[in-house]
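build me a model:
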Amino acid sequence: MPVRLERAGVSTARAWLAMQSNYDLAQAMKREQPPVRPLDDRAA
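Prediction:
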């Protein structure tokens, strides 16, 4: 869809993907997240 919007002259595909990513992140931040264990330093 972002490519089609770009071809229609409505901004760039990259801009549409960035907006969608920002929206998805904002929605995820609103929801309660399960606890996460810190990564072991040896795993990195």
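
dump stretch 4-12 to PDB, restricted to CA.
The C-alpha trace of stretch 4-12 is given here as PDB (Å, rounded to 0.1, in the frame of the first residue of the first chain):
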ATOM      1  CA  ARG A   4       0.800   2.600  -4.300                       C
ATOM      2  CA  LEU A   5       0.300   5.800  -2.300                       C
ATOM      3  CA  GLU A   6       3.700   7.000  -3.400                       C
ATOM      4  CA  ARG A   7       2.900   6.300  -7.000                       C
ATOM      5  CA  ALA A   8      -0.400   8.200  -6.600                       C
ATOM      6  CA  GLY A   9       1.800  11.200  -5.500                       C
ATOM      7  CA  VAL A  10       0.800  11.100  -1.800                       C
ATOM      8  CA  SER A  11       4.200  11.500  -0.100                       C
ATOM      9  CA  THR A  12       6.800   8.700  -0.200                       C
END
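
mind listing what's buried along it?
Under the neighbour-count criterion of 16 or more other Cβ atoms under 10 Å, stretch 4-12 has nothing buried. Just so you know, the C-beta spots here come from the backbone N, C-alpha and C atoms, and that holds for glycine as well.

and the contacts of it?
Stretch 4-12 is contacted by residues 13, 16 when judged by Cβ atoms under 8 Å, 6 or more residues apart in numbering.

could we number from 413 for the rest of this?
From this message on, residue numbering opens at 413, which makes the last subject stretch 416-424.

how far out from the middle of the chain is it?
20 Å (Cα atoms, centre = their mean, to the nearest Å).

check stretch 438-456 too.
15 Å.

check stretch 413-421 too.
19 Å.

same question for stretch 422-430.
That offset, for stretch 422-430, works out to 13 Å (Cα atoms, centre = their mean).

wait, Trp428 sits on Pro414?
Yes. Using Cβ atoms under 8 Å, Trp428 is in contact with Pro414, at 3.7 Å.
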